[in-house]
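Q: quick one, fold the following:
(4 chains)
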There are 2 protein chains.
Amino acid sequence: MPVPKGSTLDPERTRATILQTATAVLYERGLDGIGVAELCARVGVSKETLYRHFGTKDGLVEAMLTARSERVTSWLEGVVAAAGDDPCHQLSAVFDALQQWYDDPVFRGCAMLNAAAQHHVEPVRAITARHLDRYLELLTGIAERAGAADPHLLGRQLLMLVEGATVVAAHQDGAGAGEHARQAALTLLSTASEAGDR
Amino acid sequence: MPVPKGSTLDPERTRATILQTATAVLYERGLDGIGVAELCARVGVSKETLYRHFGTKDGLVEAMLTARSERVTSWLEGVVAAAGDDPCHQLSAVFDALQQWYDDPVFRGCAMLNAAAQHHVEPVRAITARHLDRYLELLTGIAERAGAADPHLLGRQLLMLVEGATVVAAHQDGAGAGEHARQAALTLLSTASEAGDR
DNA sequence: CAAGGATGGTACCGATCGGTTCTATCCGAT
DNA sequence: ATCGGATAGAACCGATCGGTACCATCCTTG
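A: Predicted structure coming up:
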């Protein structure tokens, strides 16, 4: 075996650990809210190791956001897939899942949006846009299966509800935000489906 | 006259100039995206002057966000007031106004949300929460006048649409975001009003 | 046991940060 | 004419920033 998997000296494992811990810390403190030195201390790794794996702090941020976007999106896709065939049920499941997220004590809003708000560098903005695109795909799919008259329009409106609920939950009050958004979403879905059936 | 209004040495005028220019620059570059030295150069003022007026950079940020929140909110309140008595028309007017904002080339999302995403200091979060509260008040008022069954719920859902539309416009594509959100908002409004009439 | 890559720890680098202080200037009020 | 508050400009401060270099150590492979 060329690579000693499972060992503490496994580079891939080290990289994964950095990614995981750094993601949590940078989400909590903000991208510029903690320096590389303290970040390394929190992760339990030397600066040289961090820089060997990610090149620069921006490189770490980029890798982190990409991984997180992927994780979150496929989580939501799984939620939809597990919700059966009824589009209404699928949509409900999305907002129920979001509510669980909002109730997490470490919830601080969407990491991608937070990052894009502070870091004006181009890769971050691109990752954020791609993230929203995948959300949009997911929601448009539900709209299509529900027989909406204009599934792309409905998908975009549902995306606004998702993002708006996240903003409100993060900055005002998370209690019930998911449920309230779900009600609105179902109203939009049923209204659009009736129009599509006509 | 104790205060030489209109003079270049009028402290109030100086303060207002700093506030105005710094608001634009910090919105464009991000709160941590520009140092005090460069900021002063852009404003055309010395560091001592800036610090005499605002104490610290955070003080400037705080004053700036407070003023901007007030400006934006009363602008929207004016839009509603100018839209006549029909709640549907008032709601439409809000989203039309938002669309104008999204179309502004300097649009970069909600300044309060951007600030709260990067600066974890308490005053900023409080200003942001208060800002959302005033939005919520405005929208709940419309919901009440429309005879919604649950105006507070509808108000919150409309707030999510407003914030969601702003997020989508800022990070994905601003074209038509206001109109799409408006359609959704009117659907929610009419559905809730029918329920309220029963 | 020897060799080599991965690592932690630490010192260090230049740049920049927010903030302070000093001085010369300028303008309006008396 | 003079006085005082407001200002610009620049030097300066300690702290921190992102990033690099060096070395001792440890583990895995051969």
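
Q: gap between the one residue in chain A that gets nearest to DNA strand D and residue B:184?
A: Residue nearest to DNA strand D within chain A (CB to the nearest atom of the strand): residue A:35, separated by 2.9 Å. The way it works is simple: take the backbone N, C-alpha and C, and place the C-beta from them, glycine included. To residue B:184, residue A:35 is 43 Å away according to CB to CB, to the nearest Å.

Q: more neighbours: which of those two?
A: The neighbour comparison of residue A:35 against residue B:184 (other CB atoms under 10 Å in any protein chain shown) goes to residue B:184, with 30 against 10.

Q: got the contact list for the more buried one?
A: Residue B:184 is in contact with A:157, A:160, A:161, A:184, A:188, B:161, counting by CB atoms under 8 Å, 6 or more residues apart in numbering or on different chains.

Q: which ones among those map onto strands?
A: The strands, defined by DSSP state E, take in nothing from the contacts of residue B:184.

Q: please list only the buried members of these.
A: With burial judged by 16 or more other CB atoms under 10 Å in any protein chain shown, the buried subset of the contacts of residue B:184 is A:157, A:160, A:161, A:184, A:188, B:161.

Q: what subset of those residues is also close to DNA strand D?
A: Applying CB under 7 Å from any atom of the strand to the buried ones among the contacts of residue B:184, one finds that nothing falls near DNA strand D.

Q: take the residues you listed and keep only those in helices.
A: A:157, A:160, A:161, A:184, A:188, B:161 (DSSP state H).

Q: can you lay out those residues as CSV showing pLDDT and distance to residue A:146?
A: Shown next, in CSV, are these (pLDDT from 0 to 100; distance: CB to CB, whole Å):
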residue, pLDDT, distance to residue A:146
A:157, 98, 13
A:160, 98, 17
A:161, 98, 15
A:184, 98, 15
A:188, 98, 10
B:161, 98, 19
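
Q: closest to residue B:197 among these?
A: residue A:184 (19.0 Å; CB to CB).

Q: how near is the nearest residue to the closest one once chain neighbours are set aside to residue A:95?
A: Counting by CB to CB, 6 or more residues apart in numbering or on different chains, residue A:184 lies nearest to residue B:157, which is 4.1 Å off, once chain neighbours are set aside. Going from residue B:157 to residue A:95 by CB to CB gives 12 Å.

Q: tell me who's in contact with the residue positioned nearest the centre of chain A.
A: Centroid check for chain A by CA atoms, centre = their mean gives residue A:72 as the closest residue, at 4.2 Å. Contact analysis of residue A:72 by CB under 8 Å, 6+ apart lists residue A:131.

Q: now it: how far from residue B:50?
A: For residue A:72 relative to residue B:50 (CB to CB), the value is 41 Å.

Q: repeat for residue A:113
A: 30 Å.

Q: next one: residue A:169
A: In terms of CB to CB, residue A:169 sits 36 Å off from residue B:50.

Q: is DNA strand C within reach of the host helix or strand of residue A:18?
A: Using DSSP states H and E, residue A:18 sits in helix A:11-29. Yes - using CB under 7 Å from any atom of the strand, helix A:11-29 reaches DNA strand C at A:11, A:13, A:14.

Q: next: stretch A:52-67.
A: Yes - in terms of CB under 7 Å from any atom of the strand, part of stretch A:52-67 sits within range of DNA strand C, namely A:52, A:53.

Q: which residues does the closest residue in space to residue A:148 that isn't next to it in sequence contact?
A: The shortest distance from residue A:148 to any non-neighbouring residue, by CB to CB, 6+ apart, is to residue A:192 (4.0 Å). Residues in contact with residue A:192, defined by CB under 8 Å, 6+ apart, are A:143, A:146, A:148, A:149, A:150, A:153, A:154.
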